[in-house]
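*Asks:* coords please:
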Amino acid sequence: MQEDAHGHGHHPELAHHFEDLNQQRDTLTLGMWAFLVQEIMFFGGLFCAFMVYRSMYPEAFTTAANHLDPVLGTINTVVLILSSLTVAMAVGAAQNGKKGGVLGFMGLTAILGMTFLVIKGFEYSSKWEHGLVPGRYFMSGDHHGFADLLPFAGPAELFYGFYFVMTGMHALHMVIGLGLMVWVVIETLKGKVTKNRHALVENFGLYWHFVDIVWIFLFPILYLLSH
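*Replies:* Here you go, the predicted model:
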């Protein structure tokens with residue numbers, strides 16, 4: 001069995017272009033890390049740009065941030081932390097060859113991910129109703145409760161531009177993650193995730209943890225720095 005696992009093309013779970021299972025797993029993991037490095041640079045650029053403009057308009061950004069809901073932000077943070085836990089449990093189940101565990105914990109992760117998106121949807125709808133969406137009609141509606149933003153209309157619009165771009169890109173990555181989760185579940189049901197071949201679940205776990213970490217940075221700079 002040991003010889004089969006390391007002999008080229010002998011192991012049924014070894015793709016033909018790899019020498020052994022370790023090389024196959026390491027190559028897939030390296031590819032995922034290369035992708036994540038690009039994602040880190042992308043979000044890092046957004047964070048840096050936000051902090052530069054925040055230093056230019058500190059009062060405006062602080063005033064605008066006061067109109068975000070830290071309670072909803074905190075709830076979403078807890079939801080994502082729990083989803084990181086369930087993903088870690090799914091990875092552990094895959095490493096131990098427990099198909100049912102992979103499916104169950106993936107299901108819990110999906111529920112938590114969708115919960116996050118629903119809460120974020122409520123936040124977005126509230127901003128839309130109050131005219132706090134950047135564009136031609138920014139702050140064109142009822143200003144009740146938002147009079148403190150009037151002196152900072154331009155910089156406040158810039159803040160909400162960053163808010164929607166950064167949280168929107170994060171939400172898009174969440175949606176992509178849910179799609180990848182469906183793929184992982186399908187492959188698991190097909191029997192392609194086993195004790196010896198679980199790189200797919202591990203790499204999905206890396207992606208999901210990355211998305212969670214992005215939110216861990218987004219939450220304080222958007223919701224907490226002004227409080």
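
*Asks:* now do the helices in this protein.
*Replies:* Shown for the chain, the helices assigned by DSSP state H span residues 2-6, 21-56, 58-65, 70-95, 99-129, 153-189, 199-219.

*Asks:* average pLDDT across stretch 180-188?
*Replies:* Model confidence over stretch 180-188 averages 96 on the pLDDT scale.

*Asks:* and if you look at stretch 45-64?
*Replies:* Averaging pLDDT along stretch 45-64 yields 94.

*Asks:* gap between the two ends of it?
*Replies:* Criterion C-alpha to C-alpha, to the nearest Å; first-to-last residue distance in stretch 45-64 is 21 Å.

*Asks:* what lies in contact with it?
*Replies:* The contact list for stretch 45-64, computed with C-beta atoms under 8 Å, 6 or more residues apart in numbering, reads 148-149, 152, 154-156, 158-160, 162, 165-166, 169, 217, 221, 225-226. (Glycine included, C-beta is placed from N, CA and C.)

*Asks:* looking at the protein, which helix or strand is least sure?
*Replies:* For the chain, scoring each helix and strand by mean pLDDT, DSSP states H and E identifies helix 2-6 as the least confident one, at a mean of 44.

*Asks:* any weak-confidence spans in this structure?
*Replies:* Low-confidence segments of the chain, defined by pLDDT under 70: 1-26, 136-147, 150-151, 226-227.

*Asks:* just give the number of residues close to Val118.
*Replies:* Val118 has 11 neighbours, counted by other C-beta atoms under 10 Å.

*Asks:* equivalent analysis for Met114, please.
*Replies:* Residue neighbour count, defined by other C-beta under 10 Å, stands at 14 for Met114.

*Asks:* repeat for Leu149
*Replies:* 23.

*Asks:* just to revisit the earlier point, can you turn the buried subset of the contacts of stretch 45-64 into a selection I can paste into PyMOL?
*Replies:* Those of those that count as buried under 16 or more other C-beta atoms under 10 Å are selected in PyMOL with:
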select buried, resi 149+152+155+156+158+159+160+162+166+169+221+226
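
*Asks:* what does Asn96 show for phi and psi?
*Replies:* Reported as degrees, to the nearest 10, the phi and psi values for Asn96 are phi -100, psi 10.
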